[in-house]
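J.: Give me a 3D structure for the following:
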Amino acid sequence: QAASLTVLVRTLDQLDAVLAWENELRPSMVYCDFEDIRRYKEAVVRCHAAKMPIALATLRIVKPTEEGLLRQILDCDPDAILVRNLAAIGFYREFAPQLPLFGDYSLNISNELTAKIFADAGLVRFVPSYDLNWKQLAAMMSRTDPSKFEAVVHQHMPMFHMEHCVFAHTLSNGKDYRDCGRPCESHQVDLRDRVGEPHPLIPDVGCRNTVFNAQAQSAAEFIPQMQSLGLRHFRVELLREKGDEAAPLLDRYAEVITGRAEPKSTVRSLRVLNQLGVTRGTLDHE
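T.: Residues are numbered from 1 along each chain as shown. Below is the predicted model of the structure:
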């Protein structure tokens with residue numbers, strides 16, 4: 001089975017850049033993860049015009065009163081859904097059983113037992129838990145079907161997800177979305193750590209905030225080993241990249257996935273490409 005690349009975008013600008021990217025390794029699917037889910041409809045229109053399959057991401061947490069947000073995603077007519085919690089799986093299996101479901105990292109699939117549960121629930125593919133190191137990932141692949149997995153090979157790691165909205169608290173006198181004036185729509189916020197690194201803060205439609213690591217994490221140098229384990233699906237996630245930054249990043253990964261570039265030199269070139277550098281993260285052999 002040939003390798004496939006998927007790309008997760010967070011803005012329409014990034015989406016346009018991915019749709020315009022010319023490479024023999026054309027993405028097999030684009031995932032859209034927008035803060036404003038009203039923009040999902042436009043994203044679906046653009047992808048369908050470009051004949052690109054599109055999956056829309058759910059929130060990470062869905063509370064009992066928030067099923068309406070899952071319905072809104074369904075109404076946008078996507079080709080698939082990127083599910084992030086059990087509530088979304090239950091909802092779409094009931095109301096849209098024909099729609100393919102792809103499981104994201106937050107389902108925390110860290111062994112062959114959880115993989116089987118989600119495969120039996122009908123998920124087409126899923127991301128291995130971000131908590132696994134290389135040895136654990138390799139062990140899980142040896143005990144399950146690796147073609148069911150999608151490895152995220154470039155991303156800013158989500159560090160924590162919180163109910164507290166920093167935007168409403170610091171940029172308005174309101175308490176929540178009803179009276180805060182939605183400063184998240186016009187402001188960009190970073191949280192600086194003790195050494196001054198700015199960690200991006202991204203809101204979602206449920207007014208929850210996710211703090212992402214300032215440094216991008218790359219598994220580029222593990223891609224050939226992942227392929228030897230039987231992994232065939234690889235994902236690159238964009239965070240705040242501008243449209244013109246997307247293509248060079250995707251070019252680097254496409255070269256490694258297709259075996260045309262040496263992974264270590266790619267990681268070195270990514271350090272040039274990313275202002276703050278990349279780290280290998282949990283996959284380190286140690």
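
J.: Helices of the stretch 51-200 of the chain, start to end?
T.: 67-75, 86-95, 112-120, 134-142, 166-171 (DSSP state H, counting those that start in this stretch).

J.: what about the stretch 51-200 of the chain, any weak spots by pLDDT?
T.: 163, 165-171, 175-178, 181, 183-184 (pLDDT under 70).

J.: what lines up beside the strand ranked longest in the chain in the sheet?
T.: Longest strand of the chain, by residue count under DSSP state E: strand 150-162. For strand 150-162, sheet partners with direction are given as strand 209-218 (antiparallel), strand 233-237 (parallel), following DSSP bridges.

J.: Could you give me the buried positions within that strand?
T.: 150-158 (16 or more other C-beta atoms under 10 Å). C-beta coordinates here come from the backbone N, C-alpha and C atoms, glycine included.

J.: And for stretch 130-137?
T.: Buried, per 16+ other C-beta under 10 Å, within stretch 130-137: 130, 132, 134, 136-137.

J.: Over to stretch 223-237?
T.: Within stretch 223-237, the residues scored as buried using 16+ other C-beta under 10 Å are 223, 226-227, 229, 231-237.

J.: Also stretch 115-125?
T.: Buried residues in stretch 115-125 (16+ other C-beta under 10 Å): 115, 118-119, 121, 123, 125.

J.: need the helices of the stretch 51-200 of the chain in TSV with distance to residue 211, can you?
T.: Formatted as TSV, those follow (distance: least, C-beta to C-beta, whole Å):
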stretch	distance to residue 211
helix 67-75	21
helix 86-95	22
helix 112-120	26
helix 134-142	25
helix 166-171	9
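
J.: residues near residue 180, how many?
T.: 18 (other C-beta atoms under 10 Å).

J.: On the three-state scheme, residue 6 is what?
T.: Using DSSP: H, G, I helix; E, B strand; the rest coil, the secondary structure recorded for residue 6 is strand.
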